[in-house]
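Trainee: sequence unavailable; structure follows:
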């Protein structure tokens with residue numbers, strides 16, 4: 001399945017689900033056009049309310065549904081609980097698949113970008129220290 005077919009299948013899946021999903025993005029190697037035949041499909045969703053503590057079960061169920069819809073392994077991320085650097089990568093490189101509430105999406109993106117750029121100096125320092133520890137200049 002090529003990228004366009006994956007995007008179309010994902011859009012169809014998320015457009016038919018009225019279950020609290022504000023937005024969904026395709027990101028990762030498939031979105032960048034660098035996927036291998038065995039690559040999984042990275043999908044991120046923003047929920048309309050704070051997810052429950054038992055999110056893992058419902059996210060796994062949704063990932064299974066998405067896998068069935070597109071016939072490829074899926075790694076599904078719930079952005080409401082994702083690390084700020086992962087959210088930044090999704091927003092920077094991702095393909096918006098469906099948007100049910102533009103205002104909620106924009107509020108989320110502004111808040112997430114502000115958090116990322118507030119933390120970026122610390123993340124950069126951590127990355128440089130990790131690279132030095134692993135022998136990379």
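Mentor: Cool, the structure landed. Remember, predicted model here, so these are calculated numbers, not experimental data.
Trainee: so which bits of the strand or helix carrying residue 89 are buried?
Mentor: In this assignment (DSSP states H and E), residue 89 forms part of helix 84-93. In terms of neighbour count (16 or more other CB atoms under 10 Å), helix 84-93 has its buried residues at 84, 87, 88, 89, 90, 91. For every residue, glycine as well, the C-beta is placed using N, CA and C.
Trainee: how much does the lengthiest helix in the chain deviate in direction from helix 84-93?
Mentor: In the chain, ranked by residue count with DSSP state H as the criterion, the top helix is helix 102-133. Per axes from the mean of the first three to the mean of the last three CA atoms, to 10 degrees, the angle that helix 102-133 makes with helix 84-93 is 120 degrees.
Trainee: okay, buried residues for helix 102-133 please.
Mentor: Neighbour counts over helix 102-133 (16+ other CB under 10 Å) mark 105, 108, 112, 116 as buried.
Trainee: and stretch 72-86, by the same measure?
Mentor: Those would be 72, 74, 76, 77, 78, 79, 80, 82, 84, for stretch 72-86 by 16+ other CB under 10 Å.
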